[in-house]
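Participant: Just the structure for this:
(one chain, ligands or ions: 1)
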Amino acid sequence: MKQNSPAYDLECLDLAKNFGAVRAVKGVSFNIPSGSFFSILGPSGCGKTTLMRMIAGFEEPSDGDIRIKGKSVLGVPPNRRNVKMVFQHLALFPMMNVYENIAYGLRCAGVSKTHIRRKVHDVLERIALPDVAEREIHQLSGGQKQRIAIARCMVLDPDVLLLDEPLGALDLKLREAMKIELKLLQHQFNTTFIYITHDQSEALVMSDHVAIMNQGLFEQIGTPQELYNRPKTAFVAGFVGDSNRWSGTVKASDGTGGGWRRTRACR
Ligand SMILES: Nc1ncnc2c1ncn2[C@@H]1O[C@H](COP(=O)(O)OP(=O)(O)OP(=O)(O)O)[C@@H](O)[C@H]1O
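Facilitator: Next up is the predicted model:
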């Protein structure tokens, strides 16, 4: 690693957000190393979107700090943070074709036409859709729209790409295919992806690390294998595997602990 280059693309330190009496995020701390795929997995209402919106700059934290590439971004507006976000419904502009959708952010940044043309064609090659530049958005399949939404962000060279349940609107078969594809795209761009979902299989298949979120807090951060094989809490065990918890009653104990034998959790 180069001297002075920050070890982490993103650091959140004791990050909290209150909406009046609702404590949506209650103080979470984590670091994301450069170029990794990090998922935040948790049930509806646990605070995932609020956390993401704070990182993107759409919500101001009530407490804590957010650092991107080692620098605090508190008070920096969304368009001045080098973070881009893909929304569940993708938010592609229907009145613009593929080329214009991807070029839009570069045009707003005052990039020259020649440079825009080169960058748009380069990103279309990288997402393996070199021939769709002139297509209208309604002429694309669901998976192609997904890739164009990612290309539209990646053409701006963000430090971090946030993905808010982007597979949610797709049918089951396409979701399965897109899980693999998203991981390949992340590898191809070598950019940090932060992915929020309530679907455990999405998080486990794609991620280098997963944070399990519950009621505004992270219960555990680990690799998919760590979470699956060594869950630290009953919530994590229940959320990551669907039948790796048993309940039982201790009927007798002689105080030596010898009456218990640990059985490996399995599904
Ligand atoms: N603008 C707001 N004003 C008041 N309460 C809010 C606001 N935004 C979120 N909340 C509350 O904060 C909590 C966390 O919401 P959040 O949307 O972050 O959860 P989530 O995990 O993303 O849920 P989902 O998966 O359903 O989108 C919820 O109790 C929600 O009602």
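
Participant: need the contact list for the residue in the stretch 101-250 of the chain positioned nearest to the ligand.
Facilitator: In the stretch 101-250 of the chain, no residue comes nearer to the ligand than residue 198, which is 5.3 Å away by C-beta to the nearest ligand atom. For every residue, glycine as well, the C-beta is placed using N, CA and C. For residue 198, the contacting residues are 41-44, 48, 165, taking C-beta atoms under 8 Å, 6 or more residues apart in numbering as the criterion.

Participant: Over to residue 83?
Facilitator: 55-57, 68, 158-162.

Participant: and residue 194, that one's in a strand?
Facilitator: Yes. Looking at residue 194 with DSSP: H, G, I helix; E, B strand; the rest coil, it is inside a strand.

Participant: Give the bridge partners for it, please.
Facilitator: Under DSSP bridges, the beta-bridge partners of residue 194 are residue 38, residue 162.

Participant: ok, it touching residue 55?
Facilitator: Yes. With contact defined as C-beta atoms under 8 Å, residue 194 counts as touching residue 55 (7.1 Å).

Participant: Now do the shared contacts for the two.
Facilitator: 10, 160, 162.

Participant: a markdown table for those residues, including pLDDT and distance to residue 202?
Facilitator: Converted to a markdown table, the shared contacts of residue 194 and residue 55 look like this (pLDDT from 0 to 100; distance: C-beta to C-beta, whole Å):
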| residue | pLDDT | distance to residue 202 |
| --- | --- | --- |
| 10 | 94 | 20 |
| 160 | 93 | 19 |
| 162 | 94 | 15 |
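
Participant: Buried subset of the residues you listed as a ChimeraX selection?
Facilitator: A single ChimeraX command selects the buried members of those (16 or more other C-beta atoms under 10 Å):
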select :10,160,162
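
Participant: helices or strands up against the helix or strand harbouring residue 121?
Facilitator: In this assignment (DSSP states H and E), residue 121 forms part of helix 113-126. Applying 3 or more C-beta pairs under 8 Å, 6 or more residues apart in numbering; DSSP states H and E, we find helix 113-126 packed against helix 98-108, helix 142-154.

Participant: let's see it at 10 Å
Facilitator: helix 98-108, helix 142-154, helix 172-189 (3 or more C-beta pairs under 10 Å, 6 or more residues apart in numbering; DSSP states H and E).
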